[in-house]
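Undergrad: Structure for this input, please:
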Amino acid sequence: MRPAKANVVVAIPTNGSDGREHMSGVFDYVKEHPHWMVQTIHMRTAITNGMLDDALKGADGLILDIAYDIERLAKTIIDKHPNLKIVVTNDYLVPLFARHPHCRSLLIDSVAVGKDAAHYFNSLGRFASYGFVHGAIRFPWSSEREEGFRSAMPRNTPLLVFPEGNPGKAQTGPDAPAIPLDKLARWLDALPKPTAVFCANDLFATKVLIVCERLGLKVPSPVTVIGCDNDPLVFSNTNPPLTSLQLPFRELGYKAAATLDRLLRNRSPSRRTIRVAGTHLFERGSSVHIPPATALVEKARAYIAKHACDGIRPNDVIAHVGVSRSLLNLRFRQVCGKSINEDILDVRLAEVCRQLEKTNHTILQIGRDCGFNDPDHLKRLFKKRFGTSMRQYRRQ
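TA: This next block holds a predicted model:
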């Protein structure tokens, strides 16, 4: 007789590329170890609307990354689900679940991320100043990236931090403040030039690039900018294209699933918090004058970002950039680590997710809008990528 499968809830928001990679890593593990019954929750609002609370009834394990409005539910889980095995992958959640006896934390090593950014800037030469951008508030991961960045900078070089002064409290709700562009502009303008600016994520970096354009500050010199997350919907739509550190979110998801599996088998890891390190830097025009190979790929990716949902194929991209198929395929692998067709598919699936979340369009219409003429093919691709059907994804 086969042992009963464990009931596992995986609550990871997939509105960004980091969440989609994270979720994919969990399912990489599940495919190799198919002894779980998995229920996925993708929406940040799943806590507010009670969906996560309902999903936990009868659950054996939980992988949790959603932090939106979590405080009340965290207390409920600790009080009412003392035997639930939990892995949290968001540092905002760590203190909330510190009292739970069966909780472990898997987190990106953000100190190492900051060090990697500093080492990259060091490889480019000396700067008159260095800047770090948190955004309007400081999350724990952001503060850790600043710590790592500061520790690996050249000695006797100033580090100027935005925002200045006492940081705001981290918030997870809809009222979290935006970056004040007027203050960011004054801060950037005052930095001794040439300056190297590391932004805690790609969204913060886009604000820096916007302000540089308004001020007439040229990028990559005298202002050199890099971000974090390597989000294709961000870096392909900035001017110049954003250099960014890709973080190991897929590995994080895989190791989170492996850790939960150990907890479910009563083989608890001795460490309550495990850090996952390892970045890959994608160098683009915000940090260096782009060599021809990279410029070629960026031209192709900009075309893909704009036209992927029009039903384009790799041949259309090749015709647009005007080189041979073999050359563009080679450059794509070198620069992006994936094929032209995979990049087209990534953009299309990201738009499918957006429309499922934000519109009332039928699934058939969404497929057509996103360049999928065969609805069955889209259903298989979506299920394989996200571990759930499009209908289930929309209900969440």
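
Undergrad: what's around I63, how many residues?
TA: 25 (other Cβ atoms under 10 Å). In this view, the C-beta of every residue, glycine as well, is placed from N, C-alpha and C.

Undergrad: That one contacts V9, correct?
TA: Yes. In terms of Cβ atoms under 8 Å, I63 counts as a neighbour of V9; the distance is 7.4 Å.

Undergrad: tell me, what's touching the two both at once?
TA: Shared contacts of I63 and V9 (Cβ atoms under 8 Å, 6 or more residues apart in numbering): none.

Undergrad: give me the low-pLDDT residue ranges for the stretch 51-200 of the chain?
TA: Regions of the stretch 51-200 of the chain meeting the criterion pLDDT under 70 cover residues 165-177.

Undergrad: Helices of that one, start to end?
TA: When secondary structure is read from DSSP state H, counting those that start in this stretch, the stretch 51-200 of the chain shows helices at 51-55, 71-80, 110-124, 140-152, 181-190.

Undergrad: mind listing the strands for the chain?
TA: For the chain, the strands defined by DSSP state E cover 6-11, 36-41, 61-64, 85-88, 103-108, 129-133, 159-162, 195-199, 223-228, 243-246, 273-276, 280-282.

Undergrad: Distance to Y120 added to the ones you listed, as JSON lines?
TA: Shown next, in JSON lines, are the strands of the chain (distance: least, Cβ to Cβ, whole Å):
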{"stretch": "strand 6-11", "distance to Y120": "33"}
{"stretch": "strand 36-41", "distance to Y120": "35"}
{"stretch": "strand 61-64", "distance to Y120": "31"}
{"stretch": "strand 85-88", "distance to Y120": "30"}
{"stretch": "strand 103-108", "distance to Y120": "17"}
{"stretch": "strand 129-133", "distance to Y120": "12"}
{"stretch": "strand 159-162", "distance to Y120": "15"}
{"stretch": "strand 195-199", "distance to Y120": "9"}
{"stretch": "strand 223-228", "distance to Y120": "7"}
{"stretch": "strand 243-246", "distance to Y120": "8"}
{"stretch": "strand 273-276", "distance to Y120": "20"}
{"stretch": "strand 280-282", "distance to Y120": "6"}
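
Undergrad: Nearest to H377, out of those strands?
TA: Closest to H377 of the strands of the chain is strand 36-41 (Cβ to Cβ; 21.0 Å).

Undergrad: Run me through the strand neighbours of that closest one, direction for each.
TA: strand 6-11 (parallel) (DSSP bridges).

Undergrad: residues contacting the closest residue to K207 other than its chain neighbours?
TA: Using Cβ to Cβ, 6 or more residues apart in numbering and skipping residues adjacent in sequence, the residue nearest K207 is I179, 4.9 Å away. I179 is in contact with 133, 135-136, 204, 207, counting by Cβ under 8 Å, 6+ apart.

Undergrad: can you check L52 too?
TA: Contacts for L52 (Cβ under 8 Å, 6+ apart) come out as 9, 11, 41, 46, 66, 73.

Undergrad: Could you dump the residues you listed into JSON lines with neighbour count added?
TA: Formatted as JSON lines, those follow (neighbours: other Cβ atoms under 10 Å):
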{"residue": "V9", "neighbour count": "23"}
{"residue": "A11", "neighbour count": "26"}
{"residue": "I41", "neighbour count": "26"}
{"residue": "A46", "neighbour count": "21"}
{"residue": "I66", "neighbour count": "25"}
{"residue": "L73", "neighbour count": "19"}
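
Undergrad: Distance to F27 added to those residues, as a markdown table?
TA: Below are those laid out as a markdown table (distance: Cβ to Cβ, whole Å):
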| residue | distance to F27 |
| --- | --- |
| V9 | 14 |
| A11 | 14 |
| I41 | 14 |
| A46 | 18 |
| I66 | 17 |
| L73 | 24 |
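
Undergrad: quick one, domains of this structure?
TA: Per automatic domain parsing, the structural domains of the chain span 6-108+249-279, 110-247, 292-395.

Undergrad: Count the neighbours of the residue nearest to L181 when sequence neighbours are not counted for me.
TA: In this structure, L181 finds its nearest non-sequential neighbour in V211, 5.9 Å apart by Cβ to Cβ, 6+ apart. Residues lying near V211 (other Cβ under 10 Å) number 21.

Undergrad: Verify the contact between V211 and A185 for me.
TA: Yes. With contact defined as Cβ under 8 Å, V211 counts as touching A185 (4.8 Å).

Undergrad: OK, contacts around the residue nearest to M23 when sequence neighbours are not counted?
TA: Leaving out its chain neighbours, the residue that sits closest to M23 by Cβ to Cβ, 6+ apart is I12, at 4.9 Å. Residues near I12 by Cβ under 8 Å, 6+ apart: 19, 22-23, 26, 40-42, 63, 65-66, 89, 253.

Undergrad: Tabulate these (CSV), appending distance to R284.
TA: Shown next, in CSV, are the contacts of I12 (distance: Cβ to Cβ, whole Å):
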residue, distance to R284
G19, 23
H22, 23
M23, 26
V26, 29
T40, 33
I41, 34
H42, 29
I63, 32
D65, 28
I66, 31
T89, 28
G253, 26
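
Undergrad: if we take these, which one ends up nearest to D53?
TA: Looking across the contacts of I12 and measuring by Cβ to Cβ, the closest to D53 is I41, at 10.6 Å.

Undergrad: May I have the residues that are in contact with the closest one?
TA: 9-12, 51-52, 55, 66, 396.

Undergrad: Also P82?
TA: Neighbours of P82 in contact, by Cβ under 8 Å, 6+ apart: 100-102.

Undergrad: now those residues: which count as buried?
TA: 100, 102 (16 or more other Cβ atoms under 10 Å).

Undergrad: nearest to S221, of the contacts of P82?
TA: The closest of the contacts of P82, once distances to S221 are taken by Cβ to Cβ, is H100, at 50.1 Å.

Undergrad: does the closest one really touch I77, like I thought?
TA: Yes. Between H100 and I77 there is a contact at 7.0 Å, judged by Cβ under 8 Å.

Undergrad: Which residues are in contact with each of these two?
TA: 84, 86.

Undergrad: about what we covered before: between the helices of the stretch 51-200 of the chain, which one is nearest to Q334?
TA: helix 110-124 (18.0 Å).

Undergrad: Any chance you could list what contacts the closest one?
TA: 91, 127, 130, 140-142, 144-154, 196, 198, 224, 226, 228, 245, 247, 275, 277-279, 281, 287-288.

Undergrad: Good, we can wrap up now.
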